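below are the sequence and a predicted model for it; my questions follow.
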Amino acid sequence: MGSTELAANLFRATQTEEKLRRDEVSGKQRANQTHFDVGTKIRQTIHELGGTMPEALPTPETSIRQIERAQGKLTD
């Protein structure tokens, strides 16, 4: 996950958290729907601004798991 996707994900998470609190959302189903609705709006905004959708962003050459394994080998 690159910085653009991380930033969009963090923005979605923070906006969802605020909306859940502000609207006093309770219950798993309503919370899940709120998460979905906020995510849809974020994706819509990215699309309208001409940004690259998260699924179209390039994936890193090295996965987190590969990095963790390499670091583990260095510390062994």
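Noted; the coordinates are in hand.

most centrally placed residue in the chain?
The chain has residue 9 as the residue nearest its centroid, 2.3 Å off, counting by C-alpha atoms, centre = their mean.

okay, and that one sits in which element?
Per DSSP states H and E, residue 9 falls inside helix 3-22.

the helices in this structure, which residues?
Taking DSSP state H to define them, one finds helices in the chain at 3-22, 28-48, 64-75.

quick one: closest of the ones you listed to residue 57.
Residue 57 sits nearest to helix 3-22 of all the helices of the chain, at 5.3 Å, using C-beta to C-beta. For the C-beta atoms, the positions are set from N, CA and C on the backbone; glycine is no exception.

if we go by neighbour counts, what in the closest one is buried?
Within helix 3-22, the residues that count as buried by 16 or more other C-beta atoms under 10 Å are 5, 8, 12, 16, 19-20.
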